[in-house]
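Please find the sequence and the predicted model below.
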Amino acid sequence: MNRTALLASAIAIAVLPQTSFAQDGEETFGGAKGADLSIAAIEPDKGDITIGRAGDYPADIARYLLASGPGAANLSPDGKTIAFSWDITGESELWVMPAEGGQPRQVTFKTGVRAPVWTPDGSRLFYSADRDGNEQPGYFAITADGAQESEVLPAARGDFRTFGDFAADGSFIYASTARGAGVFDIYRGTLDGTSELIVESELGLYASSISPDGKYVLITESVGAAADNLYLLDLATKEMTTISKPPVEERADHSMGGFEWWPNGEGFYFSTNLDREYATLAFYSLASRTFERVFESESDVENLTLCGPGKGGSYLYWTQNNDGFDSLHGWHTVEKRPIPMPELPEGNYSLDCEADGQLLIRVSGWQTPGELWMTDPIEGTAQKVFAANLAGLDPARLVRPQVVRYTARDGVELQGLLYLPEGAGAGEDAPPVLFSVHGGPSGQSQATFDPVAQYHVARGVAVFESNVRGSTGLGRTYEQLDDRENRLDSIRDLVDLKAGLAADGLIDGGRAAVMGGSYGGYAVNAVLAEYPGEFAAGVSLFGVADWITGLEVASPALKAADRIEFGDITEERWREFYRVNSPIRKADAITVPVLYSHGVMDPRIDIYETEVMVKTLRANGVPAPFIRIPDEGHGWRKLSNQLFYYRQQAEFIEQQLGLAEAK
């Protein structure tokens, strides 16, 4: 579909006799009532996609989206087999391959599996799969050869689940909303399908890691979007002991790096930013009921994994987040010395170490959509066992983001990643820019592979991935600067960042668009309403328009954090605050075109939030094309939908920024 047809079909409002809704009569989707089909919208047509010829530049956006590599990956307990998710078929499925390299083999089909977990004996793979992104999954187990598959716990309406960990006996711990109270409780399940409620929650408890002897499980409790309390649950007595529960105003993150138990169960390693700006490596002793910091660090410690010969605790590995670029670190726990780490492509790393110390590293970087490396840091070896498919793109043409910092008008230092087109001019010759706002709000723009950013940069548009206040990775204080009454300060940061980039001659501030999904979609709505004239267009994907309704119907996965981050919407003072400070209350100030989109199955943000913005802008005569995707939830998982949507988005952005027609 060309741009003219896109805008014409989206702006035209169909008049129907009555509102109709597209939804299963029994499904609630975390509070949503379904899509209002009386609103004219564009839906994926599942038609053929033209991608152009390999080696042609500028390359079609489809080639950037088709560039792919493995998703979440884990080693088998014996260290011989890698299991990983991969969406090469168009939907994420489970694959396995030999750890030394070899042909990957697909194990699941038409499941939409997210992350595989090996059972303790290595005989099976455990996975979850939901219905088109509704986040209410069933649990399944399949043999590593794909020959036998069983349903462990069937999906149930309203049952949101978060997997925790396996015990050595094959039982597992998970969090679930099955009780019907809208909160996450702790359950213990078995692979033969039984399940038992262990601990009831008042808001949101999550299971993390079971001790080697099976006696204890670490439990976290959400306290804001990037903070938690930490408890030790005795599985025999079902009693919980507090490990760390700081006052809310001093809240901290204890689970940023995961948890790694010492082999004899006497304690565990973890990462925490309690009483400090950045999360550092710490060890908790069960005997003394205290923890001590192992190292000091000036960046967040993440991705802990422990393994090694004998009892399996000699080698401790982790990553550190440096402005969105990861660095690898290792520590010999017996010899008390650093372990030299291999040089890998830049980006973000996820780690898994099993058996005698073989370390699996998944790389997602600005120049690679995903690679798997098997390394032996002790021996000093590193082998790429799975190479990314770049779909005919030249890696030399991909652009490395540069870290930039600017001071906001109130003195807060802001940060972001800037992608500049090759040969970009400056000052009057500076390129147009697309501002990209991450979700969360406690998320972070990082140097992972970003196909949409790389496409636009190749077409001559700078892309700025902002980390406004409230973002993670830049210190505990920075992450909390946007809480509650300070929400709009982070929106103002977008304007200040644009001013700084334009003043330095890096971008053309008069040709700027702003894009974001989820919380980033809210930010688009908000900045266009609060600061009219700053951006020439917006792209809002499944974002919030009215915080009153948005917080009322939020899924259980969000409610626990929302009360700290945004305030308790059951209290009148917060309802009054958001009556004034929600984008929909100021939508009449939006005068530039905005492309909206939403998945009908979204359990986190009701599709109503997008629909109300579309109707309001259209009533004011403002172009508001709307892409509605029936078989998606909170984001686009399916390749066919990605190919359809992002082509429409690219054409919209290029039209609004005055570029030549997309090819």
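Arrived safely, thanks for sending.

pLDDT weak spots in the stretch 251-400 of the chain?
Counting by pLDDT under 70, the stretch 251-400 of the chain has low-confidence residues at 310-312.

Now for Thr119: which residues touch it?
Counting by Cβ atoms under 8 Å, 6 or more residues apart in numbering, Thr119 touches 125-126, 141, 166, 170, 191. All C-beta spots, glycine's among them, are computed from the backbone N, C-alpha and C.

repeat that with 6 Å
Thr119 sits next to Phe126 when contact means Cβ atoms under 6 Å, 6 or more residues apart in numbering.

Can you give me the distance of it to Gly138?
17 Å (Cβ to Cβ, to the nearest Å).

and stretch 598-618, what's its mean pLDDT?
The average pLDDT within stretch 598-618 is 92.

Then stretch 642-650?
92.

Same question for stretch 72-90.
Here the average pLDDT along stretch 72-90 is 93.

any low-confidence regions in the stretch 451-600 of the chain?
Ranges of the stretch 451-600 of the chain meeting pLDDT under 70: 555, 557-561.

Tell me where it has strands.
For the stretch 451-600 of the chain, applying DSSP state E, counting those that start in this stretch gives strands covering 462-467, 512-517, 537-541, 594-599.

Including distance to Leu94, could those go into TSV?
Below are those laid out as TSV (distance: least, Cβ to Cβ, whole Å):
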stretch	distance to Leu94
strand 462-467	30
strand 512-517	26
strand 537-541	27
strand 594-599	23
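
Now render these as CSV, adding mean neighbour count and distance to Gly180.
Listed next are these as CSV, based on neighbours: other Cβ atoms under 10 Å; distance: least, Cβ to Cβ, whole Å:
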stretch, mean neighbour count, distance to Gly180
strand 462-467, 25, 38
strand 512-517, 26, 30
strand 537-541, 27, 31
strand 594-599, 28, 25
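
and the angle for the strand or helix carrying Lys615 with strand 537-541?
In the assignment (DSSP states H and E), Lys615 maps to helix 608-619. Helix 608-619 runs at 150 degrees relative to strand 537-541, counting by axes from the mean of the first three to the mean of the last three Cα atoms, to 10 degrees.

Which residues does helix 608-619 contact?
13, 36, 39, 544-545, 550, 584, 587, 596, 598, 624, 626.

cool, stretch 349-363 as well?
Stretch 349-363 has contacts (Cβ under 6 Å, 6+ apart) with 73-75, 77-79, 303, 305, 307-309, 315, 317, 319, 326, 344-345, 347, 371-373, 375-376, 378.

how does it look with 7 Å?
Stretch 349-363 is contacted from outside by 70, 73-79, 82, 99, 303, 305-309, 315, 317, 319, 326, 328, 344-345, 347, 370-378, using Cβ atoms under 7 Å, 6 or more residues apart in numbering.

from what I can see Gly427 touches Gly505, true?
Yes. Counting by Cβ atoms under 7 Å, Gly427 does reach Gly505; the two are 4.2 Å apart.

can you give me the helices in the stretch 451-600 of the chain?
For the stretch 451-600 of the chain, helices defined by DSSP state H, counting those that start in this stretch occupy the ranges 451-458, 476-479, 487-503, 519-530, 547-552, 556-565, 572-581.

Could you say which of these is packed most deeply?
Across the helices of the stretch 451-600 of the chain, averaging neighbours per residue (mean count of other Cβ atoms under 10 Å) puts helix 519-530 on top, at a mean of 27.

Tell me what angle it forms with helix 487-503.
80 degrees.

residues making contact with helix 519-530?
Contacts for helix 519-530 (Cβ under 7 Å, 6+ apart): 437-441, 488, 491, 494-495, 514-516, 534-535, 538-545, 583, 586-587, 589-590, 592, 594, 613.

And for stretch 157-175?
Contacts to stretch 157-175, defined as Cβ under 7 Å, 6+ apart, come from residues 26-28, 117, 119-120, 128, 135-137, 176-178, 180, 184-191, 205-210, 212, 214, 217, 555-557.

Can you tell me how far the spatially closest residue to Gly392 that is not a sequence neighbour is from Leu393?
Closest residue to Gly392 apart from its sequence neighbours, by Cβ to Cβ, 6 or more residues apart in numbering: Ala54 at 3.1 Å. Separation of Ala54 from Leu393 (Cβ to Cβ): 8 Å.

ok, those two, which is more surrounded?
Leu393 (23 against 12; other Cβ atoms under 10 Å).

right, and the more buried one touches Leu65 too?
No. In this structure Leu393 lies outside contact range of Leu65 using Cβ under 7 Å: 10.8 Å.

shared neighbours, these two?
Joint contacts of Leu393 and Leu65 (Cβ under 7 Å, 6+ apart) do not exist.

Distance of Asp192 relative to Asp352?
Distance check for Asp192 against Asp352: by Cβ to Cβ, it reads 27 Å.

More neighbours: which of the two?
Taking neighbours as other Cβ under 10 Å, Asp192 and Asp352 compare with Asp352 leading, 22 against 10.

and the host helix or strand of Tyr406, which residues are buried?
Using DSSP H and E, Tyr406 maps to strand 402-407. Using 16 or more other Cβ atoms under 10 Å as the test for burial, strand 402-407 gives 404, 406.

got the angle for the next helix or strand after that strand vs strand 402-407?
Scanning forward in sequence from strand 402-407 by DSSP H and E, the next helix or strand is strand 413-419. Inter-element angle recorded for strand 413-419 and strand 402-407: 150 degrees (by the same axes, to 10 degrees).

Strand partners (parallel or antiparallel) of strand 413-419?
Strand 413-419 pairs in its sheet with strand 402-407 (antiparallel), strand 462-467 (antiparallel), by DSSP bridges.
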